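S.K.: With the input below, show me the fold.
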Amino acid sequence: MALFFSINLSAEPFEGFGVSLCWWAKECGKWPQERLDSLVEWLVSPEGLNYRIFRYNIGGGDDPQWTHCTPHHFGARGGKGLRAEFEGFQDEKDGPFHWDRDEGQRRILLMIKKKRPDAIFEAFSNSAPWWMTVSGCNGGAEKATDDNLDPKHYEDFARYLVEVCKHYKETYGIEFRTLDPFNEPETNYWYRNGGQEGCHFDVKSQVKFLKVLSPILKESGLKTVISSADETSVNQAVKTFEGYRKAGVLPLIGQYNTHTYSGSVENKRKLAAYCREHGIRLWQSESGDGGRGLMGNLRMARRLIEDMKTLKPAAWLDWQYVEVNFDQWSLVKCDREWKTYTRHKNYYVRQQFSRFILPGYECLNTEDDDYTTLMAQSPSGDSLVVVRITFKETKAAPVIPAGYVLSATYRTSFREDAAPVALPEVAKGDAYVPFSIVTGIYERR
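M.R.: Numbers count the residues shown, from 1 in each chain. Okay, here's the model as predicted:
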């Protein structure tokens, strides 16, 4: 006998799905308007991905003279490419802000705001501008485990971030709900001449910087609050949270972000409990995976289900929307010239969740779980969404709580892209074909 119960014990209700704008929006924002219209429509439309949460990257910018690093090192072998080269808005201490920069990402941001009035925006940083760093390079420090923001520039960096947020509020009417100053800070990823913007902060340095940023943000008059710390691993996110708690800085943040590239189920549950205990909203703010074809896409979908059931985030976000000729880390792929673009299987796999599990929905669970089935109930209880991943042939349908009847089914498989499935086929148990993901929509009788 299956037992069903609510597991949405996060500090905040589920807010929806989303994606970062870094780095794809910088490149796609240069496209002709007619191409952009379809690209953004696929992203935000209720009939498309139905995404409503977006993270805007405040670029740091490298030394235009490349004094302390190899020119265009992001484009070197192993780097993220020239798409990851962002211009900063300020080139020197007390210098003017160059608001004409970052036109591509801004263009996408404004289109999303227009097409999706209920969108939630977060601003985040990968690195401070080069002139605030120890190495003089926004790829990271000379040694990847060393901090790269010079302590004498803590206040400069805090004011830089807040000034960008103020500009977007005053000029475009976009008030970022949250501002995250870190990205995967407690890692050994970021080094001089590295492959993308990055900046190491150990936990003690994060605490010190948060104490500088908090009063500056509060005095700005913005409603924006601090989010942190976007660790790459949930295991490290737990340690960082414990460090914040010990240092007494949890009251300075309004949201806690983590990535789920790695991390145990035990620590996902622990982090969810910590945020619930302290009344802090929790986001899964970035994820992605490798693999090949549909199998890789389904493996990523399984992680999404595990995250939703154990981490219980108020939002779940992808890292990339558009990638060059790659069908794993993105949902849309384009050619190397960023001219042609198409949705691939990962788009439709993600759509099986995001089109139907809406803001305010609450997850349900069964006692036994292999993280291949996710159930979510509408706030009124009148609708139930059941998403199931099938790797092997089976006739067994998910056990549904009493009182619901199936009204529609959609399937993505090797041959189908979020295609409707005939109800008789579902009734016979033929809907759950090997290597597929199926979404059933149930209504209360």
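S.K.: Quick check, central residue of the protein?
M.R.: Centroid-nearest residue in the chain, with CA atoms, centre = their mean: residue 317, separated by 3.0 Å.
S.K.: Tell me the bridge partners for that one.
M.R.: With DSSP bridges as the criterion, residue 317 is bridged to residue 18.
S.K.: can you pull the pLDDT of it?
M.R.: The score at residue 317 is 98. That number is its pLDDT.
S.K.: Repeat that for the one 10 residues further on.
M.R.: Among the per-residue scores, residue 327 shows a pLDDT of 87.
S.K.: show me where the stretch 1-150 of the chain has helices.
M.R.: When assigned using DSSP state H, counting those that start in this stretch, the helices of the stretch 1-150 of the chain occupy the ranges 24-28, 33-44, 103-115.
S.K.: Could you identify which of these is most buried?
M.R.: Among those, helix 24-28 has the highest mean neighbour count (mean count of other CB atoms under 10 Å), at a mean of 24. Where C-beta positions appear, they are placed from N, C-alpha and C, glycine not excepted.
S.K.: For it, name the packing helices and strands.
M.R.: helix 103-115, strand 322-324 (3 or more CB pairs under 8 Å, 6 or more residues apart in numbering; DSSP states H and E).
S.K.: Mean pLDDT and distance to residue 406 added to the ones you listed, as a markdown table?
M.R.: Converted to a markdown table, the helices and strands packed on helix 24-28 look like this (pLDDT from 0 to 100; distance: least, CB to CB, whole Å):
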| stretch | mean pLDDT | distance to residue 406 |
| --- | --- | --- |
| helix 103-115 | 97 | 32 |
| strand 322-324 | 93 | 35 |
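S.K.: To residue 142, which of the ones you listed lies closest?
M.R.: helix 103-115 (29.3 Å; CB to CB).
S.K.: Now do that closest one: which elements does it pack against?
M.R.: Packing contacts for helix 103-115, counted by 3+ CB pairs under 8 Å, 6+ apart, involve helix 24-28, helix 33-44, strand 53-58, helix 154-172.
S.K.: can you put the ones you listed in a markdown table and add distance to residue 429?
M.R.: Shown next, in a markdown table, are the helices and strands packed on helix 103-115 (distance: least, CB to CB, whole Å):
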| stretch | distance to residue 429 |
| --- | --- |
| helix 24-28 | 40 |
| helix 33-44 | 32 |
| strand 53-58 | 36 |
| helix 154-172 | 52 |
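S.K.: which one of these lies closest to residue 312?
M.R.: Per CB to CB, nearest to residue 312 of the helices and strands packed on helix 103-115: strand 53-58, 16.1 Å.
S.K.: Quick one: work out the angle between the closest one and helix 33-44.
M.R.: Put simply, strand 53-58 runs at 130 degrees to helix 33-44, going by axes from the mean of the first three to the mean of the last three CA atoms, to 10 degrees.
S.K.: Name the strands paired with strand 53-58 and say parallel or antiparallel.
M.R.: In its sheet, and by DSSP bridges, strand 53-58 pairs with strand 16-20 (parallel), strand 120-125 (parallel).
S.K.: which residues make contact with the shortest one from outside it?
M.R.: Right, strand 16-20. Applying CB atoms under 8 Å, 6 or more residues apart in numbering, the contact partners of strand 16-20 are 43, 49-55, 57, 120, 124, 286, 315-321, 331, 350, 353-354, 357-359.
S.K.: Mind checking which of those residues are buried?
M.R.: For the contacts of strand 16-20, a burial check counting by 16 or more other CB atoms under 10 Å picks out 43, 49-55, 57, 120, 124, 286, 315-321, 331, 350, 353-354, 357-359.
S.K.: what about residue 146, distance to residue 286?
M.R.: For residue 146, the distance to residue 286 (CB to CB, to the nearest Å) stands at 23 Å.
S.K.: can you list contacts of stretch 409-423?
M.R.: By CB under 8 Å, 6+ apart, stretch 409-423 touches 294, 343, 345, 347-349, 351-352, 355, 406, 408, 426, 431, 433, 435-441.
S.K.: List the ones among the residues you listed that fall in strands.
M.R.: 343, 406, 408, 436-441 (DSSP state E).
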